[in-house]
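> okay, predicted coordinates and the sequence, questions at the end:
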Amino acid sequence: MASYKSSLRITLPITCVIFETILIILFAMLVEYDQETDANLWHQKLRNHSETNYNNDFYYRYPSFQDVHVMIFIGFGFLMTFLQRYGFSSVAFNFLIAAFSLQWATLMQGFLHGMQHGKIHVGVESMINADFCTGSVLISFGAVLGKTSPVQLLVMAMFEVTLFAVNEFLLLSILGAKDAGGSMTIHTFGAYFGLVVARVLYRPQLEKSKHKNSSVYHSDLFAMIGTIFLWMFWPSFNSAVTAHGDDQHRTVMNTYYSLAACTLSTFAMSSLVNRGGKLDMVHIQNAAIAGGVAVGTAGEMMLTPFGSMVVGFLAGIISTLGYKFLSPVLEKKLRIQDTCGVHNLHGMPGILGAVVGAVTACLATSDVYGEGMEDVFPEIYNGKFLASTQATRQAIGLAVTLGMALFGGIIVGFIMKLPIYSSPPDTICFEDSIYWEMPGEEGSQEELATVMAEEVQKPLNS
Amino acid sequence: MASYKSSLRITLPITCVIFETILIILFAMLVEYDQETDANLWHQKLRNHSETNYNNDFYYRYPSFQDVHVMIFIGFGFLMTFLQRYGFSSVAFNFLIAAFSLQWATLMQGFLHGMQHGKIHVGVESMINADFCTGSVLISFGAVLGKTSPVQLLVMAMFEVTLFAVNEFLLLSILGAKDAGGSMTIHTFGAYFGLVVARVLYRPQLEKSKHKNSSVYHSDLFAMIGTIFLWMFWPSFNSAVTAHGDDQHRTVMNTYYSLAACTLSTFAMSSLVNRGGKLDMVHIQNAAIAGGVAVGTAGEMMLTPFGSMVVGFLAGIISTLGYKFLSPVLEKKLRIQDTCGVHNLHGMPGILGAVVGAVTACLATSDVYGEGMEDVFPEIYNGKFLASTQATRQAIGLAVTLGMALFGGIIVGFIMKLPIYSSPPDTICFEDSIYWEMPGEEGSQEELATVMAEEVQKPLNS
Amino acid sequence: MASYKSSLRITLPITCVIFETILIILFAMLVEYDQETDANLWHQKLRNHSETNYNNDFYYRYPSFQDVHVMIFIGFGFLMTFLQRYGFSSVAFNFLIAAFSLQWATLMQGFLHGMQHGKIHVGVESMINADFCTGSVLISFGAVLGKTSPVQLLVMAMFEVTLFAVNEFLLLSILGAKDAGGSMTIHTFGAYFGLVVARVLYRPQLEKSKHKNSSVYHSDLFAMIGTIFLWMFWPSFNSAVTAHGDDQHRTVMNTYYSLAACTLSTFAMSSLVNRGGKLDMVHIQNAAIAGGVAVGTAGEMMLTPFGSMVVGFLAGIISTLGYKFLSPVLEKKLRIQDTCGVHNLHGMPGILGAVVGAVTACLATSDVYGEGMEDVFPEIYNGKFLASTQATRQAIGLAVTLGMALFGGIIVGFIMKLPIYSSPPDTICFEDSIYWEMPGEEGSQEELATVMAEEVQKPLNS
């Protein structure tokens, strides 16, 4: 234990300082305000195009950005506090790797699809995209939660962000696939990447920490804070980078209905699969939000409210069944120890979302979309793709994403396995006390013990 | 107990699946995107009226919607977690019945005031209205909290949403009353409906669960999350569907001042009515937000900041006194077991809000409102009503609401009393463990017991 | 104890009622809706200037306001719940004094820079400014947390708001300094004011309550809710009153990058300064948000993303070192008992922010700002100031702020020391039970004791 602590004392500060220093240097060299953020450029635009301040993209997108930000930091962070003794690490490591990832993502996404005249231009849209990429890293974090040191997580984040940006570039820029809410780029990629990493980091002796790998009453309530914020703000997530006007509006509405239907099917399945008919908090915390994942691709399309509800309903069923029946199989047969069940919340619903996206694209007609086709399917509008071509591109996008996740996860998993990151021993996984100065519970327990002792003495003495 | 569980296993999944299936079928038949959400229609509007995307109602209303959404799911959900052993059920049943209600409300409100060419057109405003209707159901949930099964609650929600929509239609469309923040339609209706249901479901033996019908330290802190989010976002609630421009702006401001004044009077009264001068968390959690309820009708009117503060100040006093002196009487004399005290938070402040609305309407003059009269009181602006007529209509609206709530509550209460919903026995009300797989506290208590035992043995052995 | 309670019963209601009554009277005499909130005036403006509703300032600022509101009530409120037995008081007294301060601030700020024709005109911007002033009071509250009665706090708030408004007027209106996010006016002022008050109220016997002046596991998680909301919404805080368009957009972005960099340096330093390399929750809860404070002045300037990251990185280092090494010195040598460490979170980072602001102002050129200079530095744009003059004014602003805080803090500290406010004795500081009806933990402890007793008897009997 002693050596463990002292090595963290060296590795964590060094990693944080080196990473941040590199970020600062690269930002100094490469990053500039975009036209809507730069004082000089925006005022030139105001004058030359007789624009008004209201057309600054800030007003279209900042409320959505803030909701996405809440999902990343409160949503993911608190969702993972369900473990009885890993709340500090869950919310704080989530905080740390998210703060790193959003900076690194700005650079990686900028390299691949934001360079102008050798500079990366940043504004509210790049902030949203960086948060999206961060979300993907946090999904993978869920798979390895409790079994990895913060240094390992930072290393994982560095590589995963890079691969995310490459995959996103392949899908959106090369293939011409659509994926505004990231069923493929964020959820499928993050989940399968994380699962493969978890497979590589398989711990045969994890049973030794089993009693810590569960919740207590109040930790489950803290987790519900995360769940509910994710559920509420998912409409903002899926619509944050869709086109202005009807597109944002429609995406919000589709996501809202999908989530509502998903909640009902989750409660139904949770009670049904349990011998005694009791509900399981794990299902409510996770499966009830799978409806947001499942309309990540098709949400901006003319999916209709009814179609969204069907998709959400299916997502809740698949996800709950996954928690009940598939997760134990994954662990026993495939040796994938998926702490948060990201396969059920992000993996399968992500694939469902990709398929729904391909099918909905295939059904696109100019009767339904009118002039709005230009925003949703520019390639179809321009006559470059048929609807069936778009659908094929969507399906290829899913395959590429799965390939990138599996391939990347194996490599990054082995990098993370190097014995230099102060990874915790099997006996003290899911345990805050190895990373944190723990607050003085001893005191309060002692106090309680005193009270108890007095209570206990009474019957003995009488 | 065994038979109880197994019946829930049958009834809950069946109810959820049937309800959601009906919703999906009706949505497929009846619901369409509105002009601002449909790709084709919006782009036609853009072209034909040389509109810009900024005039899409999404940008006027979505931030307000998100705040309302937070109030419904976090606000109401966590406010009810104050019970020591009902936190899972409070936040999760709130989640379930809200997810159902918002879908059903979309249909019911659509039937009554949203049909065009045989279709219900949905957009951000219908989403807000559906959330509002859901709020009313959640208020009633507060009255019966801890004593009803989730199946009972879903059945209550189905009927209450329907009656809500009818009452709302009578007030707003037939009577021409104004009630943007729902002092009458949401709060008065929801509270009295719930109280009557609680009366019908009166449990003479509820004493047996009395030790569970109270809070513990951390459950009260969880409840404060709900309180504070309700308090903060109430300005968005009251202004969410008022007219664009000065109306939304003014409603926000009036609500903000009313709530601030209410907070001070609540602290004053809470300390005053207690023998030792100590404050009571129940008052702070509830009465301090009554100021939002009390300006639900008049908030959009020219109530003035000063007027809003007076109303809020009164609301805090009435509500705190209600908790202290009226609730025990209601239980003993009228046999109304009002778990959350919705009579004090929503009932009396709702009536106060209705009265303030009528009085403020009566004082409306064209000097004060100018051209803005058209948005606030279209019937007065059009010369159809005198200000006094408007006031009368407001007062009739209150009477109709009370009548609908009482009448509806009795019928629905008796429907909920049918012995087919796995309602919990008197001895295990306010108890999560009958609905939920409970996390392994036994483990941790055992662990603690071991520690304790060791501590205790020390003095014994020495 | 008995006399303590009964005196609170008298003083708290009286203070609340008198304060609120004065507020209501002054509002009745002096406060009016502004042109964007008043029905008549706004509709005149719509007609006369052919404005559209979208140009109502509400749509530019309300989402920012709501985020600021969340910071004030959830952020500050829950950040202070870290104490094991002061959660009720932390979140509820925060609520009380914030609700009072925002009303009083509306008047004080109105007197000094909002009077038109003898009336104070209120709208969304005055609401934001009132919340800002409230933030300053809550910072001071952090310094005296656990050691002051609610009556003392209300008296402090009354005086501090007044002095805040005077200081703000001196800086912004007389000196022409810029401070949109309040590094000086809010953070430096609030922190040093609070520290001086804490010095005057120094309790030599506070050791007697030492065992209560610490956190427990779940209280630290509650505090993280506050931390994360402050961190997420700080971009909205700093940009809430900057000019429309690029200014709001740029301020958001600078703050976002500063906070991200600050988080990494905080984790690095927290691990580094600890002998065992463990992280300390106090640092994560507080120092990780110092990056927002440190760009409060320069955030609206052309600081560049890279510059923001450097500032945030430094803020995290300074703040963490302060918690580790400076706070104990302050307490021992200077007799300043700073409960929440506001010197580290708001004091030093606030001064850093003021210095960064002065330096950045000094570097302003018309090449960089173009026409945008008018919004950021109107005095430079108008040729009234050179950039170096602006920088000097900024520096003088810092000196004035420190002077006002020290001078005001001494006087108000002595006023607060008068023995008429039911201040808690040294032995029961940091303890909710003197102000609050405590929930029935005895019951549950007794229950636990019974379980324990049974467990304990087993080995004894066998």
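Looks like it came in fine. Numbering: from 1, shown residues only, chains lettered A, B, ... in the order given.
> C-alpha from now on. contacts and neighbour counts both.
Will do.
> where does A:I420 land on pLDDT?
Each residue has a pLDDT score; the one for A:I420 is 84.
> and it, how many residues sit next to it?
A:I420: 13 surrounding residues under other C-alpha atoms under 10 Å in any protein chain shown.
> what of A:K278?
23.
> quick one: name the residues of the stretch 301-450 of chain A near chain B.
Taking C-alpha under 8 Å from any C-alpha of the partner chain as the contact definition, the stretch 301-450 of chain A meets chain B at A:302, A:304-307, A:309-310, A:367-373, A:449.
> narrow these to just the buried residues.
A:302, A:304-307, A:309-310, A:369-373, A:449 (16 or more other C-alpha atoms under 10 Å in any protein chain shown).
> dump the residues you listed to JSON lines, plus distance to chain C.
Compiled in JSON lines, those are given as follows (distance: C-alpha to the nearest C-alpha, whole Å):
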{"residue": "A:M302", "distance to chain C": "28"}
{"residue": "A:T304", "distance to chain C": "29"}
{"residue": "A:P305", "distance to chain C": "27"}
{"residue": "A:F306", "distance to chain C": "31"}
{"residue": "A:G307", "distance to chain C": "31"}
{"residue": "A:M309", "distance to chain C": "29"}
{"residue": "A:V310", "distance to chain C": "33"}
{"residue": "A:Y369", "distance to chain C": "28"}
{"residue": "A:G370", "distance to chain C": "27"}
{"residue": "A:E371", "distance to chain C": "25"}
{"residue": "A:G372", "distance to chain C": "24"}
{"residue": "A:M373", "distance to chain C": "27"}
{"residue": "A:A449", "distance to chain C": "9"}
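> output the below-cut-off pLDDT ranges for chain A.
By pLDDT under 70, the low-scoring segments of chain A are A:1-6, A:440-462.
> center of it - which residue?
Ranked by distance to the mean C-alpha position of chain A (C-alpha atoms, centre = their mean), the top residue is A:G135 at 3.2 Å.
> let me see the contact set for A:E331.
Contacts of A:E331 were listed using C-alpha atoms under 8 Å, 6 or more residues apart in numbering or on different chains, and they are A:337-338.
> how much space separates it from A:A405?
For A:E331, the distance to A:A405 (C-alpha to C-alpha, to the nearest Å) stands at 19 Å.
> please apply the same query to A:R47.
On the measure of C-alpha to C-alpha, A:R47 and A:A405 end up 47 Å apart.
> settle it for me: which of those two has more neighbours?
A:A405 (26 against 12).
> picking up where we left off before, inside helices: which ones of the residues of the stretch 301-450 of chain A next to chain B?
Using DSSP state H, the members of those that fall in helices are A:305-307, A:309-310, A:367-369, A:373, A:449.
> verify the stated contact: A:Q248 with A:G299.
No. Counting by C-alpha atoms under 8 Å, A:Q248 does not reach A:G299; the two are 9.4 Å apart.
> what touches both of those two?
A:S239.
> quickly find the element holding A:R335.
Using DSSP states H and E, A:R335 sits in no helix or strand.
> could I get the phi/psi values of it?
phi 60, psi 40 (degrees, to the nearest 10).
> same deal with A:V31?
Dihedral angles (degrees, to the nearest 10) for A:V31: phi -100, psi 130.
> specify the beta-bridge partners of the closest residue to it other than its chain neighbours.
In space, and not counting its chain neighbours, A:V31 is closest to A:I120: 4.8 Å by C-alpha to C-alpha, 6 or more residues apart in numbering or on different chains. Listed beta-bridge partners, A:I120: A:V31, A:M115 (assigned using DSSP bridges).
> correct me, but A:I120 touches A:L107?
Yes. Contact criterion C-alpha under 8 Å: A:I120 and A:L107 qualify, at 7.4 Å.
> what is the neighbour count of A:V197?
Under the neighbour criterion other C-alpha under 10 Å, A:V197 is assigned a count of 31.
> quick one: contacts for it?
A:144, A:409-410, A:412-414.
> which helix in chain A runs the most residues?
helix A:387-417.
> so which other helices or strands are in contact with it?
Where contact means 3 or more C-alpha pairs under 8 Å, 6 or more residues apart in numbering or on different chains; DSSP states H and E, helix A:387-417 is packed against helix A:150-168, helix A:189-200, helix A:348-362, helix A:378-381.
> please name the nearest non-neighbouring residue to A:D247.
Nearest residue to A:D247, sequence neighbours excluded (C-alpha to C-alpha, 6+ apart): A:E300, at 5.8 Å.
> how much space between that neighbour and C:S219?
41 Å.
> again, but for A:Y60
Taking C-alpha to C-alpha, one finds A:Y60 at 38 Å from C:S219.
> contacting residues around the residue lying closest to A:D38 once chain neighbours are set aside?
Excluding the flanking residues, the one nearest A:D38 by C-alpha to C-alpha, 6+ apart is C:D246, at 6.2 Å. Residues near C:D246 by C-alpha under 8 Å, 6+ apart: A:36-39, A:42, A:53, A:56.
> leaving out chain neighbours, which residue sits closest to A:K119?
Per C-alpha to C-alpha, 6+ apart, closest to A:K119 is A:L30, 5.0 Å.
> that neighbour: neighbour count?
Residues near A:L30, counting by other C-alpha under 10 Å, number 17.
> I'd guessed it sits against A:V122; true?
No. Contact criterion C-alpha under 8 Å: A:L30 and A:V122 do not qualify, at 10.4 Å.
> ok, back up a step: tell me which of the helices and strands packed on helix A:387-417 lies nearest to B:T15.
For these, the distance to B:T15 is smallest for helix A:348-362, at 24.1 Å, taking C-alpha to C-alpha.
> packing partners for the closest one?
Right, helix A:348-362 is packed against helix A:290-294, helix A:305-321, helix A:387-417 by 3+ C-alpha pairs under 8 Å, 6+ apart.
> I'd like to know which elements the first one is packed against.
I take that to be helix A:290-294. By 3+ C-alpha pairs under 8 Å, 6+ apart, helix A:290-294 packs against helix A:217-239, helix A:246-272, helix A:305-321, helix A:348-362.
> one more time with 7 Å, if that's ok
Contacts defined by 3 or more C-alpha pairs under 7 Å, 6 or more residues apart in numbering or on different chains; DSSP states H and E place helix A:290-294 against helix A:246-272, helix A:305-321, helix A:348-362.
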